[in-house]
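Sequence plus the predicted model coming up.
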Amino acid sequence: MVFSGPKRSKLPVAIPPQDVVPEVLMDMFTSMITPNEDDAESEDWVDDYTHLCAYNIPAVALTLGPAHWPHLRHTYEALSEHANPEVRRTLAASMHEIAGIVGQDIAASELLPIFYRWMHDEDEVKIAALQIVSDFMKVRR
């Protein structure tokens, strides 16, 4: 039997408002994971946008601070399951940074299950996650 980590609740949770980053910028950032159906070329750019979103999510999380993690949770989870392994690899390479920002409790309840899932992912994603495991576990102490 393989341990898949703690189970996450899928119940909707009210997200408290934030005033750190203008809402229009947050909407633009979080929409990078969803192609714009009005744009005929959106299919060509989806991976580029999502990769940029994955690359920059630690900076956005740091700017928002741990109290506003719920504003990024859905985006992070969507990126962690993205079809393109390069997006998942980029996210895996910075998971320890996210853990340091959100703290031990959220790292344990929300990031650790993603880490476990990545251990069954493609090699490039596994390698990226394993390269940061020491720094990730330091947050978990």
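Yep, it's here.

Show me the residue sitting in the middle of the protein in space.
residue 76 (2.5 Å; C-alpha atoms, centre = their mean).

pretty sure that one is touching residue 92, no?
No - at 11.6 Å, residue 76 does not count as touching residue 92 under the criterion of C-beta atoms under 8 Å. To be clear about C-beta, it is placed using only N, CA and C from the backbone, and glycine gets the same treatment.

Let me know how buried the nearest residue to residue 73 once chain neighbours are set aside is, in neighbour terms.
Distances taken as C-beta to C-beta, 6 or more residues apart in numbering place residue 110 nearest to residue 73, at 6.9 Å, with adjacent residues excluded. Using other C-beta atoms under 10 Å, residue 110 has 20 other residues around it.

can you give me the helices for the chain?
For the chain, the helices defined by DSSP state H cover 23-30, 42-64, 70-80, 85-93, 95-102, 104-106, 112-118, 123-131, 133-140.

now the ones you listed in TSV, with distance to residue 17?
Converted to TSV, the helices of the chain look like this (distance: least, C-beta to C-beta, whole Å):
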stretch	distance to residue 17
helix 23-30	9
helix 42-64	12
helix 70-80	9
helix 85-93	26
helix 95-102	18
helix 104-106	19
helix 112-118	26
helix 123-131	33
helix 133-140	27
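
Flag whichever of the ones you listed has the least confidence on average.
Of all those, the segment with the smallest mean pLDDT is helix 23-30, scoring a mean of 77.

list the helices and strands it packs on?
helix 42-64, helix 70-80 (3 or more C-beta pairs under 8 Å, 6 or more residues apart in numbering; DSSP states H and E).

So which of these is nearest residue 88?
Closest of the helices and strands packed on helix 23-30 to residue 88 is helix 70-80, at 6.4 Å (criterion: C-beta to C-beta).

And residue 79, how far from residue 134?
Separation of residue 79 from residue 134 (C-beta to C-beta, to the nearest Å) stands at 23 Å.

Appreciated, that's everything.
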